[in-house]
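**Student:** I need the structure of the sequence given here:
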Amino acid sequence: QVQLVESGGGLVQAGDSLRLSCAASGGPVSTYTMAWFRQTPGKEREFVAGIIWNGERASYADAVKGRFTIARENTNSMVYLQMNSLNPEDTAVYYCALRRSLIVAIPTVALEYEYWGQGTQVTVSS
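**Tutor:** Residues are numbered from 1 along each chain as shown. Predicted coordinates:
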């Protein structure tokens, strides 16, 4: 059974940076697309960034393009989200997700991902 564990969230000020980490275990996780989503109360979970199995292609939401970078280290089964120039609108619970499919794609819909972490809170104060 695949397990995903996020870490690295916290309280920061606008303009600061944070790096989120996701540790994956329980299967050949290096084979699959992984992604970060975020969610605020009362809103649907939204796509932030995704990366294909070998790290050679990534995709970003328009709201974070140019500020966030997703990366993965398959040798350690880790996925990272480097977040720079944070603003209060980035405040959310951030989730790591894995799509268990051999089709090389980066879906932006949460339903396309089968496995999820428990989430890590990111709060950006103004």
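
**Student:** How are the strands of the protein distributed by residue range?
**Tutor:** Under the criterion DSSP state E, the chain contains strands at 3-7, 10-13, 18-25, 33-39, 46-51, 58-60, 68-73, 78-83, 92-99, 115-116, 120-125.

**Student:** Serialize those to a markdown table and add fields for distance to Val109.
**Tutor:** No exception for glycine: its C-beta is placed from N, CA and C like everyone else's. Below are the strands of the chain laid out as a markdown table (distance: least, Cβ to Cβ, whole Å):
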| stretch | distance to Val109 |
| --- | --- |
| strand 3-7 | 18 |
| strand 10-13 | 28 |
| strand 18-25 | 19 |
| strand 33-39 | 10 |
| strand 46-51 | 7 |
| strand 58-60 | 12 |
| strand 68-73 | 17 |
| strand 78-83 | 19 |
| strand 92-99 | 10 |
| strand 115-116 | 13 |
| strand 120-125 | 21 |
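
**Student:** So for Thr108, which of those strands sits nearest?
**Tutor:** Closest to Thr108 of these, according to Cβ to Cβ: strand 46-51, at 3.9 Å.

**Student:** partners of that closest one in the sheet?
**Tutor:** Partners of strand 46-51 in the sheet, by DSSP bridges, are strand 33-39 (antiparallel), strand 58-60 (antiparallel).

**Student:** returning to what we had before: reformat the strands of the chain as TSV; add mean neighbour count.
**Tutor:** Compiled in TSV, the strands of the chain are given as follows (neighbours: other Cβ atoms under 10 Å):
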stretch	mean neighbour count
strand 3-7	17
strand 10-13	13
strand 18-25	19
strand 33-39	24
strand 46-51	22
strand 58-60	18
strand 68-73	18
strand 78-83	22
strand 92-99	23
strand 115-116	18
strand 120-125	17
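
**Student:** Nearest residue to the middle of the chain?
**Tutor:** When Cα atoms, centre = their mean is applied to the chain, the residue found nearest the centroid is Trp36 (1.9 Å).

**Student:** That one pairs with what?
**Tutor:** As for beta bridges, Trp36 partners with Ala49, Cys96 under DSSP bridges.
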